[in-house]
Structures are given as C-alpha cells and as structure tokens.
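K.L.:
kindly generate the corresponding structure for this input.
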Amino acid sequence: MNRTERLLDLIAYLLNAKEPVSWHEIKNHFPEDYAHGVEESNQRKFERDKAELISLGIPIDYQSGSENTKEGYLIREEKLFLPEVKFTAEESSLLMLSAGAVLENTNFPYRDQLESALHKITSINTHVNPPSPAMTITLPTHAKSSGRSRLVHQIQDALDRRKQIEIQYHAFSTGRITRRKLNPYGLIFRRGNWTLVSWDHLRQGLRCFVLTRISSLRVNPRKPGSPDYEIPADFSLKPYQNQQPWELEVHEPISVAIEVSDHRLPELRSQLMRAKQTGERTFEVSVTNRSGFVSWILSQKTDSRVLAPPEMISEIQHAMKNLL
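P.N.:
Below you'll find the model as predicted:
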C-alpha cells in the first residue's frame, strides 16, 4: 500500500471506530506499516502521517485514559464535518440572482468553480427558489476583463503552488512603474476590482496591489513542484475585505477627525469600523492614503466633514475648488 492509500485507510479506521484507538491497536491494524522493524521508527512514521493529516484539516485528537474513558486516538465527526447549509426563501432567491449575474460574465475567472458550487448547493437544498422576475442585477463589463481573468488564473496558480511572482506595477500614489517581487497571500474582489494581498520584498511588509495596475507578471519557473514560501498561520484576508480607500498604505499615518450627520451614521458605521469613535457623531480616522480619503469625503457631500488637522481641511477645500 502506498502512502496515500495508508492515510485514507487511517482516516477511515479512526472515523469508524466506536471508541478511541490505542497505539497497539493501530499497529495490529496496519502491521505492514507500523509493526515492522524498530518501534521508535514506527512511532515516528505514524507521527509524520498524523501530522500530515492534521495539516490537511483532519482533526485527529488524543484522549487520555481514565476510569470511565479509554486512552487512544480518535476523529470526532462534529469537528470533521460542517453543519448542513440551509437558506431561507429570501436568501436562496438572492443567491440565485447574484450568482446568475456573475455567471453571465464569461470572463469571470472562477466561473466553473461558481457553477459547481451552485449546483452542489441547489442539489442539497431543494427549497432554493428562483429569483423574482421583478429583480435584476447587472454587473459592469470591461473591455480588458479577459486580460484580468488571465492574471487572476496566473496568480491563483502561484498561490496554489506557493510560488513567488514578479510584477511591473503602476503605483497610483507616485505614478511610477516599479518591478516588485511578491509572495502572494490571497486575492480579493472588491469595488469591482481584483486586489492581490502579498508580502512585498521591496517594502518588506504586506501590501495590496490592484490587478488593473499590473502591466506584466512572471511566476518563478524554478522548481515548479516546490514552494518558495509559506503563508503565516495567523494570516487572514478578513481585515482586507472591508479595507477603505484611505487605509491603503501609501504614506505614514495621519490622524484625521471627522463628523458624520445623524441620518448617515447607520450606513457609514461599517466603513468606519476601524476608526475610533470620539463622540456621538465624531470619529478619529487613521489615514495612510490622503487622495483616497479626500475622494471619500467629497463623495459624502455635506454628510461628513473634516474637523482636523488644518492641512487636511485645506486639501479638501482645494479639491472642491478644482471641481467647481
């Protein structure tokens, strides 16, 4: 039996066991794999197998023995399997509507995966309702969407294989084109654009790159089957999903005080979730992208205004004059 077959058999054996399985029982069940030669070597082999399964998300636990419990290894079903996915009638309609809008775009890079996921969801949720004909969603189409689709596929391939990439990037803040070496950590689709979150070797830190500003991309061709880097275990894309324009790291942080009108507070709270609330309607915002912040403030019209610092107020007043 090869290693893949052994790992699959080990999963099935522990999952079907009615009680924890001791090391002695595992050796007896897999004599060709864990009961030949030196005992210490057999234990190391089992520990390597167990570590690989755990890294793949298989929750193998060890239970210490007591008067009422048996000592040994086990896989708890409640940890292994996710709960059944269920949707309300309204949720299912919205799901079908939004998925249908995305699938109309033949250049969407994850179209096949979305179709597969949607098929699985509808097959196990017989109460999924078609969307109301009175509702529609239209996604904007872009002339260069096919080019961005190719970029997404290239980056996703590099992500899957943990391969370093090299890009030419047109920076919005400086207007300069620079060559960057990156370790891709994740892709996000937000505000109509794909954004790559990577470790930037030039800046020695995590940075975001909008795919529309990437003019060329090259995946490291050396040792294609070996990873060039590892993504830290504590990394998460979640903080980047709701990142606001002024939070892109272009310069050192500037503390800006703003006031929001009463009727817009409920709507804007999600955008200001990382801001410090200093009063009933006032917030302190850490700005690392002045131009992004100015554009956001102007888009709020009279519903948000800057209280401090004076230089930011002057910059916004200057931007308003240019619009008149």
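
K.L.:
neighbours of Ser304, how many?
P.N.:
The local packing of Ser304 (other CB atoms under 10 Å) involves 19 other residues. No exception for glycine: its C-beta is placed from N, CA and C like everyone else's.

K.L.:
go on, the one 4 residues further on?
P.N.:
Neighbour count for Ala308, taken as other CB under 10 Å: 12.

K.L.:
show the pLDDT at it.
P.N.:
pLDDT recorded at Ala308 is 94.

K.L.:
break this structure down into its domains, please.
P.N.:
3-80, 84-141, 145-234, 247-323 (automatic domain parsing).

K.L.:
looking at those, which one has the lowest mean pLDDT?
P.N.:
domain 84-141 has the lowest average pLDDT among those, namely a mean of 70.

K.L.:
Serialize the domains of the chain to JSON lines and add fields for distance to Gln241.
P.N.:
JSON lines is the format used below for those (distance: least, CB to CB, whole Å):
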{"stretch": "domain 3-80", "distance to Gln241": "22"}
{"stretch": "domain 84-141", "distance to Gln241": "16"}
{"stretch": "domain 145-234", "distance to Gln241": "6"}
{"stretch": "domain 247-323", "distance to Gln241": "11"}
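
K.L.:
mind checking the ones you listed for the one nearest to Tyr240?
P.N.:
Taking CB to CB, domain 145-234 is the member of those nearest to Tyr240, at 5.4 Å.

K.L.:
off-centre distance for stretch 61-71?
P.N.:
38 Å (CA atoms, centre = their mean, to the nearest Å).

K.L.:
my bad, stretch 309-324
P.N.:
In terms of CA atoms, centre = their mean, the centre of stretch 309-324 is found 36 Å from the chain centre.

K.L.:
which non-adjacent residue is nearest Leu151?
P.N.:
Computed as CB to CB, 6 or more residues apart in numbering, the closest residue to Leu151 that is not its neighbour in sequence is Leu211, at 5.2 Å.

K.L.:
identify each buried residue in the top strand by length along the chain, please.
P.N.:
Assignment by DSSP state E gives strand 177-190 as the longest strand of the chain. Of the residues in strand 177-190, 180, 182-188 count as buried by neighbour count, 16 or more other CB atoms under 10 Å.

K.L.:
circling back to that earlier point, the residue nearest to Leu151 touches Val197, doesn't it?
P.N.:
No. With contact defined as CB atoms under 8 Å, Leu211 does not reach Val197; the gap is 11.7 Å.

K.L.:
related to what we said a few turns ago, packing partners for the longest strand of the chain?
P.N.:
Applying 3 or more CB pairs under 8 Å, 6 or more residues apart in numbering; DSSP states H and E, we find strand 177-190 packed against helix 145-161, strand 165-170, strand 193-200, strand 205-210, helix 238-241.

K.L.:
mind redoing it with 7 Å?
P.N.:
Using 3 or more CB pairs under 7 Å, 6 or more residues apart in numbering; DSSP states H and E as the contact test, the elements touching strand 177-190 are helix 145-161, strand 165-170, strand 193-200, helix 238-241.

K.L.:
that strand pairs with which strands?
P.N.:
Note on strand 177-190: by DSSP bridges, its sheet partners are strand 165-170 (antiparallel), strand 193-200 (antiparallel).

K.L.:
who's in contact with that strand?
P.N.:
The contact list for strand 177-190 (CB atoms under 7 Å, 6 or more residues apart in numbering) reads 152, 155-156, 158-159, 164-171, 194-202, 215, 229, 231, 235, 237, 240-241.

K.L.:
list only buried entries from these.
P.N.:
152, 155, 158-159, 164-165, 167, 169, 194-200, 240.

K.L.:
so Lys321, which of the three states?
P.N.:
Counting by DSSP: H, G, I helix; E, B strand; the rest coil, the backbone at Lys321 sits in helix.

K.L.:
for it, grab the count of nearby residues.
P.N.:
Number of residues near Lys321 (other CB under 10 Å) recorded here: 8.

K.L.:
any idea how far it is from Tyr185?
P.N.:
41 Å (CB to CB, to the nearest Å).

K.L.:
circling back: how about the helices and strands packed on strand 177-190 in JSON lines, adding distance to Asp303?
P.N.:
JSON lines is the format used below for these (distance: least, CB to CB, whole Å):
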{"stretch": "helix 145-161", "distance to Asp303": "33"}
{"stretch": "strand 165-170", "distance to Asp303": "33"}
{"stretch": "strand 193-200", "distance to Asp303": "25"}
{"stretch": "helix 238-241", "distance to Asp303": "24"}
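
K.L.:
closest one to Pro309 among these?
P.N.:
Between Pro309 and those, the tightest spacing by CB to CB is seen for helix 238-241, at 25.8 Å.
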